[in-house]
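Colleague: Give me a model of this one.
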Amino acid sequence: QRPGGATSSELLGLLFSSGEALNNLPGSTPEFGGRFLHSALGTDPHFFHDPLADRWHVTAHASLRQDLSKATLGVGDRETTGLKPGPAVITEIAAIQVTNGRFAAEFHTLVNPGRRVPMAITQLTGITDDMLRDQPRIDTIFPQLHAFLSSSVIVAHNADFDFGFLNFDAHRLLSAPLLNPSLCTLKLARRLLSGLRSRSLDVIAAHLGVSCLNRHRALGDAR
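Modeller: Coordinates of the predicted model:
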C-alpha cells in the first residue's frame, strides 16, 4: 500500500501499539527500532531500505516505476490440468520477452505432468496424454524458465492464476517465491475497458483489432 515506501515509524507502528514504544524499552537505545527492522527485513530480498529518506520499499515497486515502453516484459501463459496449484499441475508453458515494445525472444515447452490430463482439459486445449508422455518434467523446465524471465515484469491475463502455479513450483524447487513484479491485463481491462460485455482474451483482442490464433494453447495466448 506504499509504492513510495514506508518510514520506519510506520512499520514499527504496525508491529507495536506505538513505534516509539520500542525506543522506550528498558535498556534500549534510540536506534533500537531501526536496528530491529534491519534485523527483520534487511536480508529479505522482497524489501530494501533507503537510508537517506529512511524509507523501506517493496523491491517489486522499484521495477514498476519505469516507463512501460522501455520495460523488459515477460508475457506468459500456462496450460494446466486444473484450477488449483498442487492438485493441478502445468502441462504447457510459454513466455515471450518484449523489449522496447518489440518481441525479442520466446520460451515454449510442453511439460509432462506425471498424471493423466482430464478429458475436459483435452477438449479445451487439445493437449493429450500422448503429447506429454515424452516431454520434460517441471523440475527440469522451471530453472530454464526462471533464467529466461530473469528480472522482467511478468505480464499475464489473470496474473494471479499464473503466479499461483509459478510460485507453487518456485517454493518447491527454489525455496522462495518469484520476486518479479507483475502486470495483469485482466485487471487493466476491467479498469480501462469498462464498456465491454466481457474481459476475456478473445473479446479484448477483437475490441482492439488484434488477431487471436491458437487460443487455449500457451504460446498462442501469450502471443
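
Colleague: How many neighbouring residues does the closest residue to residue 69 other than its chain neighbours have?
Modeller: Residue nearest to residue 69 in three dimensions, not counting chain neighbours: residue 101, with 5.3 Å by C-beta to C-beta, 6 or more residues apart in numbering. Glycine gets a C-beta too; all of them are placed from N, C-alpha and C. Neighbour count of residue 101, defined by other C-beta atoms under 10 Å: 10.

Colleague: Then the one 5 residues further on?
Modeller: Using other C-beta under 10 Å, residue 106 has 14 neighbouring residues.

Colleague: which helices and strands does the host helix or strand of it pack with?
Modeller: Residue 106 is part of strand 102-110 when elements are defined by DSSP states H and E. Where contact means 3 or more C-beta pairs under 8 Å, 6 or more residues apart in numbering; DSSP states H and E, strand 102-110 is packed against strand 90-99, helix 138-149, helix 218-222.

Colleague: what about the helix or strand following the second one, average pLDDT?
Modeller: So that's helix 138-149. Reading on from helix 138-149 to the C-terminus, the next helix or strand found by DSSP H and E is strand 153-156. Strand 153-156 carries an average pLDDT of 95.

Colleague: tell me which residues in strand 153-156 are buried?
Modeller: 153-156 (16 or more other C-beta atoms under 10 Å).

Colleague: can I get those residues in a markdown table with distance to residue 194?
Modeller: Below are those laid out as a markdown table (distance: C-beta to C-beta, whole Å):
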| residue | distance to residue 194 |
| --- | --- |
| 153 | 24 |
| 154 | 25 |
| 155 | 21 |
| 156 | 21 |
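
Colleague: Output the lowest mean pLDDT helix or strand found in this protein.
Modeller: In the chain, the helix or strand scored least confidently by mean pLDDT, DSSP states H and E is helix 59-64, which has a mean of 76.

Colleague: which other residues reach that one?
Modeller: 3, 5, 45-48, 71, 151, 153, 179-182 (C-beta atoms under 8 Å, 6 or more residues apart in numbering).

Colleague: Check which helices and strands the host helix or strand of residue 165 sits against.
Modeller: Counting by DSSP H and E, the element that carries residue 165 is helix 159-174. Packed against helix 159-174, as judged by 3+ C-beta pairs under 8 Å, 6+ apart, are the following elements: strand 72-80, helix 138-149, strand 153-156, strand 182-184, helix 185-192.

Colleague: orientation of it relative to helix 185-192 in degrees?
Modeller: 150 degrees (axes from the mean of the first three to the mean of the last three C-alpha atoms, to 10 degrees).

Colleague: Now do the buried residues in helix 159-174.
Modeller: 159, 161-166, 168-170.

Colleague: now, which of those sits nearest residue 84?
Modeller: Nearest to residue 84 among the buried residues of helix 159-174: residue 164, at 8.0 Å, using C-beta to C-beta.

Colleague: for the residue nearest to that closest one when sequence neighbours are not counted, what are its contacts?
Modeller: Spatial nearest neighbour of residue 164, excluding adjacent residues (C-beta to C-beta, 6+ apart): residue 85 at 4.9 Å. For residue 85, the contacting residues are 164-165, 167-168, by C-beta under 8 Å, 6+ apart.
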